[in-house]
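S.K.: Pasting the sequence and the predicted coordinates here, then a few questions.
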Amino acid sequence: MKPIRIAIAGKGGSGKTTISGILARLLARAGRSVVAVDADTNPNLASTLGIAADRTREIVSLPRTLLKREQQADGTTITTFARDPADVLREYAVDAPDGLRLVVMGAVGHGGVG
């Protein structure tokens, strides 16, 4: 199967997390390999994906040190992983029901840093 990437954005309270969770679970149930990425500063996708509340301690937000920024000759900047993405998934992804995996990025660690 050809890989697909889906990003969902919108106004706060519009149902992005709910739609993302439903879509991820349906795709996984249909046999797709799914990595759901919660990039919200208030991450709640884990509960929508069916991950039990007592397992949320296992979820560690991706550290910013995993990214590197490179200045291009034309003046633009690109951001890439500083490590192999497969290694990042092995270390940070959490297994969820329906055979999908969750990675959290963007969570605010403490007040004043968001």
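M.R.: Yep, it's here. All values reported here derive from a predicted model rather than from experimental measurement.
S.K.: can you give me the helices in this structure?
M.R.: 16-29, 45-48, 85-92 (DSSP state H).
S.K.: what about the protein, any weak spots by pLDDT?
M.R.: Applying pLDDT under 70 to the chain picks out residues 107-114.
S.K.: who's in contact with the residue most central in space within it?
M.R.: Centroid-nearest residue in the chain: residue 37, 1.5 Å away (criterion: C-alpha atoms, centre = their mean). When contacts are counted by C-beta atoms under 8 Å, 6 or more residues apart in numbering, residue 37 touches 102-105. For glycine as for every other residue, the C-beta is placed from the backbone atoms N, C-alpha and C.
S.K.: Closest one of those residues to residue 60?
M.R.: residue 104 (7.5 Å; C-beta to C-beta).
S.K.: Report the buried residues of stretch 46-63.
M.R.: Residues of stretch 46-63 classed as buried: 46, 48-49, 51, 59, 61-62 (neighbour count, 16 or more other C-beta atoms under 10 Å).
S.K.: farthest pair in those?
M.R.: 48 and 62 (18.9 Å).
S.K.: what number of residues lie near residue 20?
M.R.: By other C-beta atoms under 10 Å, 20 other residues sit near residue 20.
S.K.: That one contacts residue 39, correct?
M.R.: No: shown here, residue 20 and residue 39 do not form a contact pair, counting by C-beta atoms under 8 Å, at 10.1 Å.
S.K.: Distance check, residue 27 against residue 72.
M.R.: Separation of residue 27 from residue 72 (C-beta to C-beta, to the nearest Å): 34 Å.
S.K.: Oops, could you answer that again for residue 93 instead?
M.R.: Applying C-beta to C-beta to residue 93 and residue 72 gives a distance of 30 Å.
S.K.: Enumerate every residue touching the closest residue to residue 21 other than its chain neighbours.
M.R.: Spatial nearest neighbour of residue 21, chain neighbours left out: residue 48 (3.0 Å); criterion: C-beta to C-beta, 6 or more residues apart in numbering. Residue 48 is in contact with 17-18, 20-22, counting by C-beta under 8 Å, 6+ apart.
S.K.: Residue 68: which of the residues you listed is nearest?
M.R.: residue 20 (26.8 Å).
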